[in-house]
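**Q** Here is a sequence with its predicted model. Questions after.
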Amino acid sequence: MTHDRESRVLRRRAHLRRGTALLLAAALAMAGAAGAQEPAATGTGPGPRLVVAIAVDQLRADYMDRFRPYFGRGGFNLFLQRGASFAAARHEHATTSTCPGYAVMLTGSYGSVSGIIANEWYDAVAGREVNCAADTTVRAIGADTEGRSPRNLKGTTVGDLLKISTGGRSRVITVAGKDRSAIMMGGHLADAAYWMEDTLFVTSTYYRSGMPKWARQFNAAGKVTSYFGKKWDRLLPAAAYEMVGPDDVPAEADAAGMGRTFPHTIAGGPTLGPAFIQAFDLSPFGNDVLVDFALRAVVEEGLGRDTVPDLLGIGFSANDYVGHAYGPDSHEVMDATIRLDRSLARLFAFLDRSIGLANVVAVLTADHGVAPLPEVFARLHPGASARRFHPATVDTAVNAALEARYGAAPAPGWVTYHGQPQIYLNRRALRTKRVAVEEAERVVQAAVMSVPGVHQALTATELAAARAAGARTGEVLSFHPARSGNIYYEMEPYILVAGGATGTSHGTPWAYDQQVPLLWYGSRILPGVRRTPAAVADIAPTLSALLGLTAPGGSQGRVLSEVLR
């Protein structure tokens with residue numbers, strides 16, 4: 001594609017194919033004015049030919065210490081031994097879920113600016129739940145699912161600015177196990193975002209009119225279905241895993257016929273079907289297939305082949321599925337982490353052979369951590385309040401308080417949507433009853449705070465005022481006035497909001513959810529362990545500085561100058 005033609009494609013994509021066109025156009029204009037010349041890396045010497053941004057879904061910071069004795073040379077230890085690591089890195093926002101975590105990585109902005117406050121939220125105008133990557137104006141390619149794009153992401157990513165600063169010559173490709181992971185990393189101007197849907201990699205018409213030939217060939221090879229009937233057993237001798245506790249824990253999930261103990265058979269039933277997909281997702285092998293696809297993308301998309309820098313984003317999702325089912329203190333999570341280490345080593349060995357690691361800058365982090373299984377934590381810490389909590393308890397208290405004060409509400413009731421930690425009130429009912437929103441919020445706030453185990457509840461009015469005053473609490477950073485609910489509430493530490501009796505989750509402002517690895521590698525990176533505080537929001541401005549770009553306009557992080565040569 002010629003330079004002029006590609007520029008035209010980029011302009012059409014920027015102005016015609018997204019609902020946030022006006023906001024994005026202003027952000028891109030600012031970025032273009034600041035970085036019109038070709039990027040040059042900070043310091044002396046040539047800049048990187050390829051930036052590799054890696055995010056592991058549900059990778060707690062403590063895994064780097066707990067499992068390090070079993071890491072090989074070229075995976076995590078590439079960063080830990082030859083790169084830079086931050087011992088006190090974390091997410092600063094409170095709603096530690098996948099979409100906000102991936103969005104902040106390459107925008108540097110939290111939900112208060114990016115608008116990505118959760119995986120889903122309630123759209124009061126449309127009267128329905130909205131997926132963070134949903135877009136009804138496009139369609140999925142290769143899957144019969146709702147359209148996906150970065151339309152809901154406000155602002156720009158490092159990849160967007162890189163495309164602009166090089167006149168479209170830089171290539172930006174993202175691959176992930178989940179749609180929202182690939183899309184939020186790629187931003188608005190990515191050449192393509194690919195993700196796994198059932199047994200195939202798919203994309204969206206937002207990026208392309210069809211899957212490229214190489215991707216179709218990859219899908220036709222049946223990489224995922226080749227695991228049908230195979231066993232997932234421990235990579236290391238069983239005795240090595242005793243450090244995390246017993247293999248058989250009743251609170252672990254027994255899903256898709258996988259069982260709670262090793263070995264696990266990846267089948268889900270006698271024939272290929274939805275249960276097999278669930279079983280495959282509950283194994284670490286999705287990471288292996290993702291690396292296979294990423295390596296093919298590097299070759300076929302021509303990444304890192306010239307002096308114009310490209311960006312490859314990789315979102316490993318298998319660890320999240322495993323962690324939700326078995327918990328962080330399980331043989332399964334330990335094995336999945338060690339296997340991921342081997343997958344990373346394979347990725348970097350390939351990049352060394354094909355591009356040369358001297359030409360690569362890599363950063364690795366996670367979108368969030370995870371809470372321990374409350375039953376496991378309670379056994380180890382008998383005095384703790386660890387337990388499971390069903391959000392219906394909050395619904396009961398809220399409805400009782402509102403009906404006692406204002407009477408019954410017309411359908412669908414006083415609460416239109418409750419997706420913990422957000423509660424959205426029925427504004428039409430409030431208008432009908434002539435009740436001020438702020439007054440109703442205070443009634444609900446008191447009702448929520450009366451529920452045992454609730455740590456705090458904040459109203460939208462309070463959060464909006466704190467946001468306007470420039471506060472940077474986790475709750476404020478997760479609040480967007482156009483998308484957040486009327487009430488935001490948090491449970492006490494180790495109280496798990498869950499509808500079932502097994503497994504675990506994340507999404508809180510507590511350390512086990514916020515603290516994640518932040519690892520850097522490259523010839524322009526000063527190696528060593530840093531004890532200074534750092535946030536995932538710092539990745540975008542740091543990469544921008546390294547590439548000679550201004551940071552994304554909405555960035556709320558800082559440049560980690562202590563690791564840049």
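**A** On my side now, so go ahead. Residues are numbered from 1 along each chain as shown.
**Q** Quick check: buried residues in stretch 426-433?
**A** By 16 or more other CB atoms under 10 Å, the buried positions in stretch 426-433 come out as N426, A429, L430, K433. The way it works is simple: take the backbone N, C-alpha and C, and place the C-beta from them, glycine included.
**Q** and what of stretch 307-327?
**A** For stretch 307-327, by 16+ other CB under 10 Å, it's 308-327.
**Q** ok, M184 to L106 distance?
**A** Going from M184 to L106 by CB to CB, to the nearest Å gives 8 Å.
**Q** coming back round to it: out of the buried residues of stretch 307-327, name the ones that lie in strands.
**A** D310, L311, L312, G313, I314, G315, F316 (DSSP state E).
**Q** Contacts only, for the fourth one.
**A** If you count contacts by CB atoms under 8 Å, 6 or more residues apart in numbering, G313 has them with 52-55, 106, 159, 172-176, 182, 185-186.
**Q** Arrange the residues you listed in TSV, one row each, with neighbour count and secondary structure as further columns.
**A** Compiled in TSV, these are given as follows (neighbours: other CB atoms under 10 Å; DSSP: H, G, I helix; E, B strand; the rest coil):
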residue	neighbour count	secondary structure
V52	25	strand
A53	25	strand
I54	22	strand
A55	28	strand
L106	32	helix
G159	31	helix
V172	26	strand
I173	26	strand
T174	30	strand
V175	29	strand
A176	29	strand
A182	31	helix
M185	31	helix
G186	31	helix
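**Q** Which one of these is nearest to A215?
**A** Proximity of those to A215, judged by CB to CB, is greatest for V175, which lies at 10.0 Å.
**Q** for that closest one, what are its contacts?
**A** 182, 193-195, 201, 290, 293-294, 297, 312-315.
**Q** Equivalent analysis for G177, please.
**A** With CB under 8 Å, 6+ apart, G177 has these contacts: D57, W195, M196, G286, N287, L290, G315, F316, S317, A318.
**Q** how about JSON lines for these, with distance to D538 and pLDDT added?
**A** Below are those laid out as JSON lines (distance: CB to CB, whole Å; pLDDT from 0 to 100):
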{"residue": "D57", "distance to D538": "20", "pLDDT": "98"}
{"residue": "W195", "distance to D538": "26", "pLDDT": "98"}
{"residue": "M196", "distance to D538": "29", "pLDDT": "98"}
{"residue": "G286", "distance to D538": "29", "pLDDT": "98"}
{"residue": "N287", "distance to D538": "26", "pLDDT": "98"}
{"residue": "L290", "distance to D538": "25", "pLDDT": "98"}
{"residue": "G315", "distance to D538": "19", "pLDDT": "98"}
{"residue": "F316", "distance to D538": "21", "pLDDT": "98"}
{"residue": "S317", "distance to D538": "23", "pLDDT": "98"}
{"residue": "A318", "distance to D538": "26", "pLDDT": "98"}
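**Q** Which member of the residues you listed is positioned nearest A409?
**A** D57 (38.4 Å).
**Q** Next one: the closest one from P481, what distance?
**A** For D57, the distance to P481 - CB to CB - is 28 Å.
**Q** ok, and the closest non-adjacent residue to N119?
**A** C99 (4.7 Å; CB to CB, 6 or more residues apart in numbering).
**Q** whoops, D135 was the one
**A** S149 (3.8 Å).
**Q** Then G522?
**A** Per CB to CB, 6+ apart, closest to G522 is V361, 3.5 Å.
**Q** for W520, same thing?
**A** A84 (4.3 Å).
**Q** Surely that neighbour and T532 touch.
**A** No - counting by CB atoms under 8 Å, A84 sits too far from T532 to count as a contact (11.1 Å).
**Q** Please say which of these two ends up with more neighbours.
**A** A84 (22 against 11; other CB atoms under 10 Å).
**Q** That one pairs with what?
**A** W520, G528 (DSSP bridges).
**Q** Which pLDDT does the model give it?
**A** Note for A84: predicted pLDDT of 98.
**Q** Now do the contacts for it.
**A** L519, W520, Y521, I525, L526, P527, G528, V529, R530, V563.
**Q** Show me which of those residues is closest to F350.
**A** Using CB to CB, those come closest to F350 at Y521, 14.9 Å.
**Q** sorry, back to before: packing partners for the helix or strand containing the residue nearest to G522?
**A** Using DSSP states H and E, V361 sits within strand 360-366. Other elements packing on strand 360-366 under the criterion 3 or more CB pairs under 8 Å, 6 or more residues apart in numbering; DSSP states H and E are strand 50-56, helix 76-82, helix 331-354, strand 519-521, helix 539-547.
**Q** which other helices and strands contact the host helix or strand of R379?
**A** Per DSSP H and E, R379 falls inside helix 374-380. On a contact count with 3+ CB pairs under 8 Å, 6+ apart, helix 374-380 meets strand 387-389.
**Q** for the strand it packs on, what is the average pLDDT?
**A** Averaging pLDDT residue by residue across strand 387-389 gives 97.
**Q** State the distance from S523 to G167.
**A** Distance of S523 to G167, given as CB to CB: 26 Å.
**Q** So what's the predicted local confidence for the closest residue to Y241 other than its chain neighbours?
**A** The shortest distance from Y241 to any non-neighbouring residue, by CB to CB, 6+ apart, is to H331 (4.3 Å). Predicted confidence (pLDDT) for H331: 98.
**Q** same deal with H3?
**A** 38.
**Q** circling back: in terms of neighbours, single out the busier of D57 and P481.
**A** More neighbours surround D57 than the other of D57 and P481, with 27 against 11 (other CB under 10 Å).
**Q** Now do the same contact list for that one.
**A** Going by CB under 8 Å, 6+ apart, the list of residues near D57 reads 98, 177-178, 181, 315-320, 366-368.
**Q** Can I get these in CSV including distance to F71?
**A** Shown next, in CSV, are the contacts of D57 (distance: CB to CB, whole Å):
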residue, distance to F71
T98, 25
G177, 22
K178, 25
S181, 23
G315, 21
F316, 15
S317, 20
A318, 17
N319, 15
D320, 20
A366, 16
D367, 21
H368, 22
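**Q** Tell me the one of these nearest H381?
**A** H368 (22.2 Å).
**Q** So for R139, which of the helices and strands packed on strand 360-366 sits nearest?
**A** Among the helices and strands packed on strand 360-366, strand 50-56 sits nearest to R139 (CB to CB), with 26.0 Å.
**Q** For the stretch 51-200 of the chain, which segments count as strands?
**A** Secondary structure of the stretch 51-200 of the chain (DSSP state E, counting those that start in this stretch): strands at 84-86, 89-90, 120-123, 128-131, 140-141, 172-176, 192-197, 200-204.
**Q** chain center to the first one: distance?
**A** If you compare the mean C-alpha spot of strand 84-86 with that of the full chain, they lie 20 Å apart, counting by CA atoms, centre = their mean, to the nearest Å.
**Q** Now do the strands in the stretch 351-500 of the chain.
**A** 360-366, 387-389, 415-419, 422-425, 454-459, 487-491, 495-497.
**Q** So which other helices or strands are in contact with the second one?
**A** Just to be clear, that refers to strand 387-389. Using 3+ CB pairs under 8 Å, 6+ apart: strand 387-389 touches helix 374-380, strand 495-497.
**Q** Pairing partners for the last one, with directions?
**A** Here the strand partners of strand 495-497, with direction, are listed using DSSP bridges: strand 387-389 (parallel).
**Q** Next, the buried residues of the partner strand.
**A** So for strand 387-389, counting by 16+ other CB under 10 Å, buried means R388, F389.
**Q** measure I183 to L477 for me?
**A** On the measure of CB to CB, I183 and L477 end up 21 Å apart.
**Q** Those two: who's more crowded?
**A** Each of I183 and L477 has its neighbours counted (other CB under 10 Å); I183 has more, 33 against 26.
**Q** Next, work out how far apart that one and A551 are.
**A** I183 is 21 Å from A551, by CB to CB.
**Q** can you check R90 too?
**A** 20 Å.
**Q** which of these two has more neighbours?
**A** A551 (25 against 22).
**Q** doesn't S544 make contact with the more buried one?
**A** Yes - using CB under 8 Å, A551 makes contact with S544 at a distance of 4.5 Å.
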